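Undergrad: using only what follows, build the 3D model:
(chains A and B)
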Amino acid sequence: MFSMGDETNPLMMLIWILPIILFVFYGQQIQLLVTSNEIKKGIKKLDGFRVNSKKELIDYVKENIPSTIDPTKKIEQFLDYFTIMPVDMDPNGIVDKVRHTVRSRETYTRNHVKSLSPEISEIELSRIQTLLEIASSLQMIYKIVNHMFLTAKKQKNYPLILPVQMILPFLMEHAKAMNAAIPAFKKGQPLGDGIGPMVVGKMMLNTEKEIISFQTALAKIEYKHRKLFLLKAEGPGSTVGRPDDALQKIVDNNKIDAVIMIDAALKMEGEDSASIARGFGAAIGGIGTEKFQIEHIATKNKIPIFSIVIKQSVTEAITLMTKEIADQADNIRSQVYEMILENTTEGQSVVIIGVGNTAGVLQ
Amino acid sequence: MIFSKEKTTLAYTIEKCPKCEKLHRRDFSKGDVLFTNSSKCNFCDGITTIEKIFGEILER
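TA: Residues are numbered from 1 along each chain as shown, chains lettered A, B, ... in the order given. You can find the predicted model right below:
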């Protein structure tokens, strides 16, 4: 009855034709249905991260801040705070505007956290500030993905869901990393990103330190008849400091012949974790305002910038430092000294900047 | 997933004695900060400092 060779069989024809008709008229809806299920799973995970980060933050504040007021309402209010970036139709002066906006937000966050308890220590404050940023970022990611998904579903528009499907794995990687970073920040442990401060912090030990700019420490040492200005964020709080402001102050009062920056860098797929690479140019991440300022100072004063980067994944960079990365610290330090000797002569001055979050790293 | 192993990150602290240069590995405890003085050296009368803090992933 169902012989394959019989092409005139009406039942066989129906079996072949029906799916073709179905896919021609309802193909997009079927694809939308299949893709929707995958995205729904992702959104459920993002919602889990969002709820978890908020809970962890509230628990941390309740456990560590002596206050009679319940912080839940204040924290919930803050999580919905947004930042409107300056208009860039005329890019002239945009960096100053972005810097002003970002720093205003930082100041607001600090004051907001301080208002929970005036006697809060600087270290606790920096940890809570970081946890707030994580919870707020996870909330934002969830809201955006959910909005894009619901809009596509509402419009029954398959092409609208494609960008969500494409970007979701990358967003999930970042969100997972941020969620995994929470315990390290709560315990004040060094992160993979802290390798720069770790290297410079050890060089600063047993020297006189001063705070040169906001949350940024400076130490001056001599090395083989060269003057070294060592810069890192002030540890052990969770901060990246303001190395751009610090460099400006140093350059204003001293003749600098080279800048060496040590930072964590995102590894490419296939690259080994904790591998070291040397290069030129300012090695510093973030929104770009600090990089711009450092490059501006270097260009204006004709100072070459050398960099040493330690490759790692997104997750490794913001979670507890791995053994492989920690084991590279001495090697990086010897490469820094090598770089100083290769690129400067006796009597010259070098600024060494340990870039990154200095949580759990003293100087 | 049925076949995926559960991953746990264990944090460790490495102490180094500046006098006898001996290293000692122990579990991370709250308040550990890199380069701070930690405990009395087990091999001499020196005071150890925290040299490294890192995590190792345990799969079960």
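
Undergrad: where does the chain dip in pLDDT?
TA: Picking chain A for this. Across chain A, the stretches falling below the confidence threshold (pLDDT under 70) are A:1-7, A:68.

Undergrad: hmm, I had chain B in mind actually
TA: Low-confidence segments of chain B, defined by pLDDT under 70, are located at B:1-4.

Undergrad: residue of it closest to chain A, please.
TA: residue B:55 (3.7 Å; Cβ to the nearest Cβ). Placement of C-beta: from N, CA and C, glycine included.

Undergrad: can you map out the strands along chain B?
TA: B:7-16, B:23-27, B:37-40, B:47-59 (DSSP state E).

Undergrad: any chance of these in a markdown table with mean neighbour count as columns?
TA: Formatted as a markdown table, the strands of chain B follow (neighbours: other Cβ atoms under 10 Å in any protein chain shown):
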| stretch | mean neighbour count |
| --- | --- |
| strand B:7-16 | 17 |
| strand B:23-27 | 12 |
| strand B:37-40 | 14 |
| strand B:47-59 | 18 |
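
Undergrad: the strand or helix carrying residue A:132 and chain B, are they touching?
TA: Per DSSP states H and E: residue A:132 is located in helix A:122-155. No - applying Cβ under 8 Å from any Cβ of the partner chain, one finds helix A:122-155 separated from chain B by no less than 9.5 Å.

Undergrad: residues contacting residue 39?
TA: Assuming you mean chain A. Neighbour list for residue A:39: A:145, A:149, A:161, A:164, A:165, A:168 [criterion: Cβ atoms under 8 Å, 6 or more residues apart in numbering or on different chains].

Undergrad: nope, chain B please
TA: Per Cβ under 8 Å, 6+ apart, neighbours of residue B:39: B:15, B:47, B:48.

Undergrad: surely the second one touches residue B:16?
TA: No - counting by Cβ atoms under 8 Å, residue B:47 stays clear of residue B:16, with 10.6 Å between them.

Undergrad: list the contacts of residue A:319.
TA: With the criterion set at Cβ under 8 Å, 6+ apart, residue A:319 makes contact with A:177, A:180, A:181, A:184, A:191, A:192, B:9, B:55.

Undergrad: separation between the fourth one and residue A:226?
TA: In this structure, residue A:184 lies at 36 Å from residue A:226, with Cβ to Cβ, to the nearest Å as the measure.

Undergrad: for those two, indicate the residue with more neighbours.
TA: When neighbours are counted by other Cβ atoms under 10 Å in any protein chain shown, residue A:184 comes out ahead of the other of residue A:184 and residue A:226, with 26 against 18.

Undergrad: ok, residue B:44 - contacts?
TA: Taking Cβ under 8 Å, 6+ apart as the criterion, residue B:44 is in contact with B:17, B:19, B:20, B:22.

Undergrad: get me the contact residues on chain A for chain B.
TA: With Cβ under 8 Å from any Cβ as the criterion, chain A meets chain B at residues A:183-184, A:187-190, A:198, A:201-202, A:205, A:235-236, A:319-323, A:325-327, A:329, A:360-363.

Undergrad: hang on, residue A:39 in a strand?
TA: No - assessed with DSSP: H, G, I helix; E, B strand; the rest coil, residue A:39 is helix; it does not lie in a strand.

Undergrad: thinking again about what came up before, and the buried ones among the contacts of residue A:39, selectable in PyMOL?
TA: In PyMOL, this line selects whichever of these come out buried by 16 or more other Cβ atoms under 10 Å in any protein chain shown:
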select buried, chain A and resi 145+149+161+164+165+168
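
Undergrad: tell me the one of the contacts of residue A:39 nearest residue A:25?
TA: Looking at these and their distance to residue A:25, the nearest is residue A:161, at 18.7 Å (Cβ to Cβ).

Undergrad: tally of neighbours for the closest residue to that closest one other than its chain neighbours?
TA: When the adjacent residues along the chain are set aside, residue A:161 lies closest to residue A:152, with 3.9 Å between them (Cβ to Cβ, 6 or more residues apart in numbering or on different chains). Using other Cβ under 10 Å, residue A:152 has 22 neighbouring residues.
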